[in-house]
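>>> Model the following, please.
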Amino acid sequence: MPWQKKKRVLGKNRYYSLSKKLKRENKITDEFEVMFNSLSLEEVIGLKLELASNMVDGKLYGMPIWYSLPVIIKDAILKFSLSTTRTKMEAARLLGLNISQFSSLVKKYNIESYFFEENERLK
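As a prediction, the model looks like this:
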C-alpha cells in the first residue's frame, strides 16, 4: 500500500559504518554522538586540530597541515560515502565519480582496510 513505509534493501555497503566501527572500538558512545551532532563541521575540525596540537606541544604531527588537507578531506569523504550508501556504485554517484575512478580512489586511500580488521572479511 502506498501509505506503508517501504523496507530499505540492504546492499553490500551495510558492513561499512564509521559509527559502528568507532563504537565497536569503544571510542564513542550514543551520548557522544548526540553532542557531536550539535557541532558544525568547522568546529569539529578546529577542535580536533587544537586537541591534537595541544598533545604534541603545538607541533601538529610534524606535517604541513595546510598542504595535507586535500588528502585528509578526500579520505574522510570516501569513508563517508561508503558509510551512507548501499552500494559502491551509489557511493560513486554521490561523489560524482564513475565506478572505476571511485574504485581506484578506494584502493589508493586503502579505505576498505579501515573498516575491517585483518581477520574480518566482507560477507
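
>>> so where's this protein uncertain?
Residues of the chain meeting the criterion pLDDT under 70: 1-9, 58-62, 117-123.

>>> Okay, helices next: where are they in it?
Assigned by DSSP state H, the helices in the chain fall at 18-24, 30-37, 41-55, 65-84, 88-95, 99-108, 111-115.

>>> between those helices, which gets nearest to Lys12?
helix 88-95 (7.1 Å; Cβ to Cβ). Just so you know, the C-beta spots here come from the backbone N, C-alpha and C atoms, and that holds for glycine as well.

>>> Quick one: residues contacting the residue positioned nearest the centre of the chain.
The centre of the chain sits closest to Lys79, judged by Cα atoms, centre = their mean, with a distance of 3.2 Å. By Cβ atoms under 8 Å, 6 or more residues apart in numbering, the contact set of Lys79 is Tyr16, Leu18, Ile111, Tyr114, Phe115.

>>> from those, which would you call buried?
Applying 16 or more other Cβ atoms under 10 Å to these, the neighbour count classes Tyr16, Leu18, Ile111, Phe115 as buried.

>>> Pick out the most distant pair among these.
Within the buried ones among the contacts of Lys79, Leu18 and Ile111 form the most distant pair, 11.0 Å apart (Cβ to Cβ).

>>> circling back: closest one to Leu97 out of the contacts of Lys79, please.
Ile111 (13.2 Å).

>>> That'll do, ta.
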